[in-house]
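[1] Here is the input, now give the coordinates:
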Amino acid sequence: MKDRREIVGRLPLISLLGANAIPLVGVLFFKWDAFGIVLLYWSENVVVGFYNVLKIALVKVKEPVEHLGKLFMMHIAIIAGGFALVALKSPVGLLLVLVVLKTFVDVKLHFFEHRKKGAGKVR
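    The predicted model follows:
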């Protein structure tokens, strides 16, 4: 029974990793348009950024630095991806950088949220 709870407890992390891998697998193996995927990532950053700025402005946030950190990391990912695009002259390189950075940030935030909630075990 304990093994089953551990597996179920890790499902959010497994889902997070799988969802972040889908665009890269699609471009590399199913000939998806890399530029369209990169545009989707950039659009996501605009929406998330707007939402976080709105949340900071309208809601009493106990730790606004935490939300600003998310915004900062998104912009770092965009800039690093732009450098990769120029250096590799391919949107696939940009997509690779975006997927790796986004996955890294998502996993770190996932662990942070579970520790913050006092979940005992990090899942």
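[2] Tell me, how many residues neighbour the nearest residue to Val27 once chain neighbours are set aside?
    Leaving aside its chain neighbours, Val27 sits nearest to Ala34 (4.8 Å; criterion: Cβ to Cβ, 6 or more residues apart in numbering). All C-beta atoms are positioned from the backbone trio N, CA, C, and that covers glycine. Ala34 has 21 neighbours, counted by other Cβ atoms under 10 Å.
[3] now do Ile14
    Neighbour count of Ile14, defined by other Cβ under 10 Å: 11.
[4] What of Val59?
    When neighbours are counted by other Cβ under 10 Å, Val59 registers 10.
[5] Would you mind measuring from it to Lys116?
    As judged by Cβ to Cβ, to the nearest Å, Val59 and Lys116 stand 17 Å apart.
[6] cool, and His75?
    If you go by Cβ to Cβ, the gap between His75 and Lys116 works out to 23 Å.
[7] now Gly26
    33 Å.
[8] The two: which has the busier surroundings?
    Gly26 (16 against 11).
[9] What separation is there between the residue nearest to Val27 and Leu17?
    The gap separating Ala34 from Leu17 is 20 Å, by Cβ to Cβ.
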